[in-house]
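Q: for reference, the sequence and a predicted model appear below.
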Amino acid sequence: MASSLSRSTLHRRRTESRGRDRCRFNPAIRRPIEFLGFVGASPFTEVEEWSGPAVQPEYVRELARAHETAGFDRVLIGYYGAAADGWQLASYVTQQTERLGVLVAHRPGFVQPTLAARFASTLDHFSRGRVALHIVTGGSEADQVSDGDFLHKEQRYERTSEYLDILRKKAGRTQALRLSRQLLSR
């Protein structure tokens, strides 16, 4: 009895430690550090209001090329209610550069996840593998409301979880994804 108890205790400890080991830093699977910049559709800062055109292709082209020349790995294409469309901006950036990647900020709830997966996949193919997604559950309440999103923070996190489940299932699939319920019905 004592030996079987000690074996089960050992098994439990080994099982618990395996879970912890997955969370620890493992140098064998370490990735290189990436350097990220930021590209917006026009020049602006957080402290000054911009009064020029909302989208300036020349500015975007010059800024993207400057990031590439400086050795950045990718640039963040941000998301907020008054911004130009991030997918279009990311597409333009990848057309104007040879190797610079884009990190497209994307908020669940405005575009169905199956369509977002197609957006990302198509852009990734055209850019030769230079697309990454930054999933943004929400911004300020005012910004959320300006886009017609009235869910509370907890509900937005629930929606994001559901959205990511569907997005992951759709990623890389060529045939239709059959879903068993209405999407994001909250």
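A: The structure has been received and is ready for your questions.
Q: quick one: what helix or strand has the residue nearest to residue 149 when sequence neighbours are not counted in it?
A: Counting by CB to CB, 6 or more residues apart in numbering, the nearest residue to residue 149 once its immediate chain neighbours are dropped is residue 109, at 5.8 Å. From N, CA and C alone the C-beta is placed, and that goes for glycine too. Counting by DSSP states H and E, there is no helix or strand that carries residue 109.
Q: surely residue 109 meets residue 148?
A: No: using CB atoms under 8 Å, residue 109 is not in contact with residue 148, being 9.2 Å away.
Q: compare the two (neighbour count), which wins?
A: Per other CB atoms under 10 Å, whichever of residue 109 and residue 148 has more neighbours is residue 109, with 21 against 9.
Q: any idea of the pLDDT on the more buried one?
A: Reading off the confidence values, residue 109 has pLDDT 86.
Q: got it, and residue 96?
A: Confidence for residue 96, expressed as pLDDT, is 98.
Q: which phi and psi does it have?
A: The phi/psi pair for residue 96 (degrees, to the nearest 10) reads phi -90, psi -10.
Q: with the one 3 residues further on instead?
A: For residue 99, the backbone dihedrals are phi -130, psi -10 (criterion: degrees, to the nearest 10).
Q: wait, what's in contact with it?
A: 68, 130 (CB atoms under 8 Å, 6 or more residues apart in numbering).
Q: wait, is residue 133 part of a strand?
A: Yes: per DSSP: H, G, I helix; E, B strand; the rest coil, residue 133 lies within a strand segment.
Q: my read: it touches residue 103, true?
A: Yes: between residue 133 and residue 103 there is a contact under CB under 8 Å: 7.4 Å.
Q: those two: which is more packed in?
A: residue 103 (22 against 18).
Q: beta partners of that one?
A: Beta bridges link residue 103 to residue 76, residue 132, judged by DSSP bridges.
Q: not counting its neighbours along the chain, what's nearest the residue nearest the centre of the chain?
A: In the chain, the centroid-proximal residue (CA atoms, centre = their mean) is residue 134; its distance is 1.7 Å. Closest residue to residue 134 apart from its sequence neighbours, by CB to CB, 6+ apart: residue 105 at 4.6 Å.
Q: where in this protein is pLDDT low?
A: 1-27, 46, 172-186 (pLDDT under 70).
Q: strands along that one, start to end?
A: Counting by DSSP state E, the chain has strands at residues 36-38, 74-77, 101-106, 131-135.
Q: mind saving the C-alpha coords of the last one as PDB?
A: The C-alpha coordinates for strand 131-135 follow below in PDB (Å, rounded to 0.1, in the frame of the first residue of the first chain):
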ATOM      1  CA  VAL A 131       1.500  39.100 -42.100                       C
ATOM      2  CA  ALA A 132       0.900  38.700 -38.300                       C
ATOM      3  CA  LEU A 133      -2.300  39.500 -36.400                       C
ATOM      4  CA  HIS A 134      -2.600  41.500 -33.200                       C
ATOM      5  CA  ILE A 135      -6.000  40.700 -31.700                       C
END
